[in-house]
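# Pasting a predicted model and its sequence here:
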Amino acid sequence: MFNAPVTSQRYGCLMRSLLQQLSRRRVYDSTPDQMRRLIDLVVAGALLTLTAPLMLVVGLAIRLESAGPILVRESCIGLRGRRFQMLKFRTVRYDLDRSVPLWGRRPTPLGEILRFTRIEALPQLINVLRGEMSIVDPDGRSPSFLD
């Protein structure tokens, strides 16, 4: 089959979607920002490659220990006030009806080990690859602390 000709209406739609995708990407103004991003990509990629088997084992252990999601998302604010969902391994008991606030939930036995060893934060490397966080800079802050 042949491709349909690009009409002005279709061209406008393509340009709008391209501009939307570009506007979502983080703009790096200076050379230090570009270097930091390059370091983030290299280090996060290497660490994800090295820790992938461990992350798989932890994910299976969380799934076997209790029902609920393996990863939890925490709303945070990053550079220039952009909100993003920070990923972590679930370390607390899953509350299906959400009757207990997150800060009041009790950690699971595996969750205590994950918190002590800081393995719970390994999924944040995905946020680093997405450009939402940086390895060099501190973590994103919770919106409740900034309001």
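Sure, I can see it.
# and the gap between Leu122 and Leu71?
Distance of Leu122 to Leu71, given as C-beta to C-beta, to the nearest Å: 10 Å. The C-beta positions use only the backbone N, C-alpha and C, and glycine is treated the same way.
# biggest helix in the chain, by residue count?
helix 31-65 (DSSP state H).
# same for that helix, what does it pack against?
strand 83-89, helix 109-117, helix 124-130 (3 or more C-beta pairs under 8 Å, 6 or more residues apart in numbering; DSSP states H and E).
# of the ones you listed, which approaches Ala52 most closely?
Closest to Ala52 of the helices and strands packed on helix 31-65 is helix 124-130 (C-beta to C-beta; 9.9 Å).
# wouldn't Ser75 be in contact with Arg83 here?
Yes: between Ser75 and Arg83 there is a contact at 6.1 Å, judged by C-beta atoms under 8 Å.
# In this model Val136 seems to touch Ile39, though I could be wrong.
Yes: the pair Ile39 / Val136 is scored as a contact, 6.9 Å apart, by C-beta under 8 Å.
# Could you pull out the buried residues of stretch 55-72?
Met55, Val58, Ile62, Val72 (16 or more other C-beta atoms under 10 Å).
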